[in-house]
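Q: Model the following, please.
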Amino acid sequence: MMSDGNDNSPGILLSKLRIPQPAARFVSRPHLIARLNGGMAGRATFLTAPAGYGKTTLVGEWARQTGVPVGWLSLDVKDNDLARFWRYVTHSIERAIGQLPSTVHAAADALKPGQAEPFLVQLLNELNVLPNPLALIWDDWHLIAEPEIADSVSFFLEYLPPSVH
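A: As a prediction, this is how the structure comes out:
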């Protein structure tokens, strides 16, 4: 079942899951868009630059142009909670590809500090059977300081299916 964008999940701030609209005046950077397109051949792309250099604008422009479904998540300091972080990631995925099975939600509900692997295995197994590519964008990753989240993301990236970037 595809998400219609009207997800009313309790506790989920939907604006965090929307690709930001460009400012009225922004500079298109086709050469950088081309580099992001090329990056899709790899497991992950990391975009770094100082604050105010247009990273979010660039990636938002790319996300609106790509033919690949995009799960967008704008992170903030409150996302330094393992369960909250993965709950938002799961919802960003669902907004891109549709509802995930109840087994993923059950595993997410059981997510406890120090025990992320069972949830991640469920999520990765579901992503492994996707028939089409998927791109996940986690904007403002630098705000995540919780080591357990970094460890869980490392596990996630290590076993990420080739169709997910």
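Q: what kind of secondary structure is the residue nearest to residue 114 when sequence neighbours are not counted in?
A: Leaving aside its chain neighbours, residue 114 sits nearest to residue 148 (7.3 Å; criterion: CB to CB, 6 or more residues apart in numbering). Where C-beta positions appear, they are placed from N, C-alpha and C, glycine not excepted. Secondary structure state of residue 148, per DSSP: H, G, I helix; E, B strand; the rest coil, is helix.
Q: surely residue 148 meets residue 115?
A: No - using CB atoms under 8 Å, residue 148 is not in contact with residue 115, being 10.1 Å away.
Q: In terms of packing, which of those two has more residues around it?
A: Taking other CB atoms under 10 Å, residue 148 and residue 115 do not tie; residue 148 has more neighbours (14 against 10).
Q: which residues touch that one?
A: By CB atoms under 8 Å, 6 or more residues apart in numbering, residue 148 lies in contact with 82, 113-114, 116.
Q: Drop anything exposed from these.
A: 82, 116 (16 or more other CB atoms under 10 Å).
Q: Of the contacts of residue 148, which belong to helices?
A: Among those, the members falling in helices (DSSP state H) are residue 82.
Q: so can I have CSV of the contacts of residue 148 showing pLDDT and distance to residue 127?
A: Converted to CSV, the contacts of residue 148 look like this (pLDDT from 0 to 100; distance: CB to CB, whole Å):
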residue, pLDDT, distance to residue 127
82, 96, 19
113, 89, 23
114, 90, 23
116, 96, 15
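Q: returning to what we had before: any idea how far residue 102 is from the residue nearest to residue 114?
A: Per CB to CB, to the nearest Å, residue 148 is found 25 Å from residue 102.
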